[in-house]
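Colleague: Output the structure for:
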Amino acid sequence: MKKYLLIVLFTANLFSQSNQRGEILSETPLYPLPENMTFEEYQDMNRRMSIGVGLAFIPIPGIVHRYAGEKELAKRLSYVSIGGFISLIGSLSGNEKKEEWGGSDYEILIMNQGLENETRFEKIPMEIIGDDSIKYKLNQVYKKVTHSGGSPVLGAIGIMAIIGSYYYDVFHGLKLIHDKREAVRFKYGKQLEFSFRPSYDYYANEAKLNFDFRF
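Modeller: Okay, here's the model as predicted:
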């Protein structure tokens, strides 16, 4: 009697779905569930890989693991990413720019000394004229820009932490979603004595209900 009742319920459900297939915002159909299935297992069974892939494009640390139900691991990934950002900022915050005139082995000619348009030239001897007259070639000297402070190693660690936590969140998170879905379906699929496989043929406008019995 119980089996016949289930058949009637599934048939009615298929008929109602065929009538409401044009309603995009219709409620999700409600199916019978095993009595010993927990709410966490129900959530694991209904998580979608497509949603996980979509969340991977949102730059929020640990978002895929959070959707997979691993909140503690998602928090750890968030902390790793935040630490990476702090390390990256710290490697750049102490960076100071310095400009210094370059040295030379020749005599330096300074023009507009102390002003913003100060220029310097090397006086390179080219030719001796007479007894004490020397002809020079002027070669302009430019300021050397140097950077002090900061830590390239700290910046590299920060970048590795950010990129590493992101890829771990995406690939390991998607694998968790897949494995949890498979575990729940395997566990409760072994308990089924029979199963229903409803389908709908849009071309023939027909609803079908297939039965699988285990002997």
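Colleague: What strands flank the longest strand along the chain, and is each parallel or antiparallel?
Modeller: Of all the segments of type strand in the chain, defined by DSSP state E, the longest one is strand 119-129. Sheet pairing of strand 119-129 (DSSP bridges) gives strand 107-111 (antiparallel), strand 133-141 (antiparallel).
Colleague: who touches the longest one?
Modeller: Same thing as strand 133-141. By Cβ atoms under 8 Å, 6 or more residues apart in numbering, the list of residues contacting strand 133-141 from outside reads 101-102, 104, 108-109, 119-129. All C-beta atoms are positioned from the backbone trio N, CA, C, and that covers glycine.
Colleague: try it again with 6 Å
Modeller: Residues outside strand 133-141 that contact it (Cβ atoms under 6 Å, 6 or more residues apart in numbering) are 102, 120-129.
Colleague: Can I get the longest strand of the chain in CSV, CA atoms only?
Modeller: Extracted in CSV, the C-alpha atoms of strand 119-129 (Å, rounded to 0.1, in the frame of the first residue of the first chain):
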residue,chain,number,x,y,z
THR,A,119,72.8,70.9,-13.4
ARG,A,120,76.2,69.3,-13.2
PHE,A,121,78.8,68.4,-15.8
GLU,A,122,82.0,66.4,-15.8
LYS,A,123,84.9,68.4,-17.1
ILE,A,124,86.7,65.8,-19.2
PRO,A,125,90.1,67.1,-20.5
MET,A,126,90.3,66.8,-24.3
GLU,A,127,93.3,69.0,-25.4
ILE,A,128,96.1,71.1,-23.9
ILE,A,129,96.4,74.5,-25.6
